[in-house]
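In: predicted model and sequence follow; I will ask about them next.
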2 protein chains.
Amino acid sequence: MKRHGTQNLKMIGVRDLRDINQTIFLHLVRDRQPISRADIVKATGLQPGTVSAIVNRLIKEKLIYEGIEGPSSGGRRPKYLHVNAESAYVLAIDLGVKESIYAVSDFNGRILTQKSVLTEGDPEKFLRSLSREIHALVRTQYPRARVEAVGVSVPGLVDRAAGTLIVSPNLGWRAVPVRALLEEELELPVYVENDANAAAFAELWYGPLDEVSARTLLCVLVVEGLGTGLIINGELHVGTSIGLGGFGHMSMDPKGMTCSCGRRGCWETFASDRATLDRYRRLSKSKTRVRAVTELIALAGQGDAAALETIKVTARYLGEGIASLAHGLSPEVVVIGGEITGAWPIIGPIIEGCIKSNYIVPPISFKVRPSSVLRPSLFGAIPIALQHCFGGGRDKQTNHVKVPQSFLNSGSRTPARFS
Amino acid sequence: MKRHGTQNLKMIGVRDLRDINQTIFLHLVRDRQPISRADIVKATGLQPGTVSAIVNRLIKEKLIYEGIEGPSSGGRRPKYLHVNAESAYVLAIDLGVKESIYAVSDFNGRILTQKSVLTEGDPEKFLRSLSREIHALVRTQYPRARVEAVGVSVPGLVDRAAGTLIVSPNLGWRAVPVRALLEEELELPVYVENDANAAAFAELWYGPLDEVSARTLLCVLVVEGLGTGLIINGELHVGTSIGLGGFGHMSMDPKGMTCSCGRRGCWETFASDRATLDRYRRLSKSKTRVRAVTELIALAGQGDAAALETIKVTARYLGEGIASLAHGLSPEVVVIGGEITGAWPIIGPIIEGCIKSNYIVPPISFKVRPSSVLRPSLFGAIPIALQHCFGGGRDKQTNHVKVPQSFLNSGSRTPARFS
DNA sequence: AATCTTTGTCATCACCCTTAACTAAGTAGT
DNA sequence: ACTACTTAGTTAAGGGTGATGACAAAGATT
């Protein structure tokens, strides 16, 4: 126990101030590019001189560059600024239960290349061969690129500090030193995060946050299992360094089915993709094996009553779980990710109705919507890697960049749904 | 008010920097007084010169003062610094279902006077007569005191921005403009907060946090109802401006009893004081009416088997709920407040055991303990009022001071349990 | 007494944002 | 074409922050 004599209080200096502002600044440019210095002045309230100074610094560091001039609006024409997409590349890996996806992203967080492989075999062997494949791809397709970091999203319990996967019931893995393995093969800094947390992070970067200044965002990721990630004050909430998959194992019914975690009636046993497919199997008695929720949605679209009913029930369970959590967290936005969101026209109204009837005061103060990206856990791995580059507001303990809360108030010009 | 186009991004300037550091500084002195400048140098890592400068500033503002000299440790003797307890007083009001307590506190957060009254009658009339009583007390007992603010903790749903109580099922109140009423009578700024959130805030100020650098703290307040408050990164988490009472209305059993909120099987229907007393009534069939959990604990101590069993069952429900939440929040500390904690020797082991058997990975990464103060919702109202004085790191939206996360790493010298 | 250690002050510095005057380059009215 | 005005961006001086290092004060150690 470090008592006296040790420095346990951190004051901030002008240097921290600069770093923080520079981070906000970079995010602003990234979010609204192309943007002129004058726009930045308006958006930040900074003085023109300060803006010029910071811009020049960032240009010197090659993080942004000056593009063409924009149209005049009654005066001198503005010079557009862009973040230098080539200044750094990152790798994103999304380890899924059936298939894993990896992607190369530029500094803007846009995916350049994306490939998927089947997740199979011994974890260590799989990760090694996967990273060799990635390494080869980078060497051939992006020989001159400056790849800076790797973000990995994993469906399970991770030790964020050590970069290991402690256990993943759905993946069937246990004690896998993900970071060590990948860093050895790729020779890049690796950041490991829970998939639901990554999904929440994705919403923070790619989501259309113009409608609401989200201080609190809850992300429910429905895949093989069910996890939740929490954004609080524009920051990914990670409690201890051990990152569990959120409220998926919240008990909803003491007499419910046994969960992969050993308890009974976890939310996951009601609303995860596996639970949904199991329910369909029991309900339909058809011989055709439905392997994915997308197939189920297709069936429902073709008039399969059992499929439709199955989806509706899942929606109800999702709504009930969200209602429970909303009481405790008072989020402004609840985002749902996963294949099930493909049936949003069906499930959306049900979820909202379910929340409405369960909510303590009828005018619901939050919004529920599907995720902005199709595979949130993959897209979330990108900013997780990018935070390595966006130096400055870096938290040593959590290894996550803090996007300042105020930043979220900015109107995002990102398209509604990425591919 | 110059509405500059869209200034929605807030950069920080040197002024903010100073305010933030000064707030940290004040908290440090408050927490470890008496403390010398040299101690502060060691604790903060600041330069001696800087420390002297800030100390002088604070002395000039009468927020702290220089006391006697301390013992030498081989050199010049240090001059002790204290926060000026008389520099400002605040009022704290805890509206309870049966009785309400109000208190006068000094700048150190120590209660000088404390009185309790029965909560009865029409809300508006009650609040008016209560505030007149408080006003009289302040005028007679503290005629010269500089009373700065009022903190109110309410067992119900509050609109933090408006300072109103939207609804409190347990109190039977609805749409009470608490702030407006009190500000009119007391002529002081009034801050209204949910009782469970206040309790969490109390733990932040009075709790012995030296053992753990709490980034996330969950406070479960068990009173007539059951609420939770959440501290994240040293900050009270308030989602939207509407503050619900936390996870008390998390559904645990779809076939459970009907709750005051209208739903079924809320956590509150299992583990709140009312639920506990109801359960005892059903179990014991004795004619003696037990009105408070303290009485129940006394009975258990006298060998009443039914009382003991009742308490044990409540403990189990508490443990189960905490286990559910812990998976989602990964807290470092879970604090339980309320009369039930009087039976900690009984309930503590049960709760821990219950969590252990329900937790996904056996080595529990958090600690469960009773609250540091006897009536956490009252004690929480004090810092809620004090944040009005601790200028600087004040958040306009939530009206709560942000105790910087780093501050929490400091060793607290506060006694373990306040009276 | 001489020397060392601890505590605290002072003047000076580097750095960040602010202020305000300035240049640059366009539009609109006459 | 000329003037007046608007918008965009630069530059230099200035205020305020914590950092730095020399120094003074006061007691302990030898």
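Out: Yep, that arrived.
In: remind me which residues of the stretch 101-250 of chain A are low pLDDT?
Out: A:208-215, A:234, A:239-245 (pLDDT under 70).
In: for chain A, which segments count as helices?
Out: A:14-32, A:37-44, A:48-60, A:123-141, A:178-186, A:195-206, A:268-271, A:273-284, A:293-301, A:305-329, A:344-358, A:376-386 (DSSP state H).
In: can you redo those as TSV with mean neighbour count and distance to chain B?
Out: For glycine as for every other residue, the C-beta is placed from the backbone atoms N, C-alpha and C. Converted to TSV, these look like this (neighbours: other CB atoms under 10 Å in any protein chain shown; distance: least, CB to the nearest CB, whole Å):
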stretch	mean neighbour count	distance to chain B
helix A:14-32	19	5
helix A:37-44	20	4
helix A:48-60	15	8
helix A:123-141	16	18
helix A:178-186	19	17
helix A:195-206	30	10
helix A:268-271	26	10
helix A:273-284	19	15
helix A:293-301	19	23
helix A:305-329	23	4
helix A:344-358	17	6
helix A:376-386	30	17
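In: turn the ones you listed into CSV, columns for distance to DNA strand C.
Out: What follows is the helices of chain A, written out as CSV (distance: least, CB to the nearest atom of the strand, whole Å):
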stretch, distance to DNA strand C
helix A:14-32, 3
helix A:37-44, 8
helix A:48-60, 3
helix A:123-141, 34
helix A:178-186, 31
helix A:195-206, 23
helix A:268-271, 45
helix A:273-284, 46
helix A:293-301, 48
helix A:305-329, 33
helix A:344-358, 42
helix A:376-386, 22
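In: out of these, which gets the lowest mean score?
Out: Mean pLDDT is lowest for helix A:14-32 out of those, coming in at a mean of 84.
In: out of the helices of chain A, the one nearest B:V14 is which?
Out: Taking CB to CB as the criterion, B:V14 comes closest to helix A:14-32 out of the helices of chain A, the separation being 6.8 Å.
In: now that closest one, how far from the chain's geometric center?
Out: In terms of CA atoms, centre = their mean, to the nearest Å, the centre of helix A:14-32 is found 21 Å from the chain centre.
In: that helix vs helix A:48-60, what angle?
Out: Interaxial angle of helix A:14-32 relative to helix A:48-60 (axes from the mean of the first three to the mean of the last three CA atoms, to 10 degrees): 80 degrees.
In: what's the angle from helix A:14-32 to helix A:195-206?
Out: Direction vectors for helix A:14-32 and helix A:195-206, defined by the same axes, to 10 degrees, enclose an angle of 80 degrees.
In: A:F366 reaches A:L329, doesn't it?
Out: No - under the contact definition of CB atoms under 8 Å, A:F366 does not touch A:L329, with a separation of 9.2 Å.
In: let me see the domain layout of chain A.
Out: As recorded under automatic domain parsing, the domains making up chain A are A:14-85, A:87-201+A:376-388, A:212-370.
In: make JSON lines from the ones you listed and add distance to B:G342 to it.
Out: Compiled in JSON lines, the domains of chain A are given as follows (distance: least, CB to CB, whole Å):
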{"stretch": "domain A:14-85", "distance to B:G342": "45"}
{"stretch": "domain A:87-201+A:376-388", "distance to B:G342": "36"}
{"stretch": "domain A:212-370", "distance to B:G342": "25"}
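In: looking at those domains, which is closest to B:A381?
Out: Taking CB to CB as the criterion, B:A381 comes closest to domain A:212-370 out of the domains of chain A, the separation being 20.0 Å.
In: how near is the residue lying closest to A:G227 once chain neighbours are set aside to A:Q387?
Out: The spatially closest residue to A:G227, leaving aside those adjacent along the chain, is A:A196, at 3.0 Å (CB to CB, 6 or more residues apart in numbering or on different chains). Applying CB to CB, to the nearest Å, one obtains 18 Å for the distance of A:A196 from A:Q387.
In: one more: A:P349?
Out: Counting by CB to CB, the gap from A:P349 to A:Q387 is 36 Å.
In: again, but for A:K125
Out: Taken as CB to CB, the spacing of A:K125 relative to A:Q387 amounts to 29 Å.
In: what of A:A43?
Out: Taking CB to CB as the measure, A:A43 and A:Q387 are separated by 22 Å.
In: again with A:I297
Out: For A:I297 relative to A:Q387 (CB to CB), the value is 34 Å.
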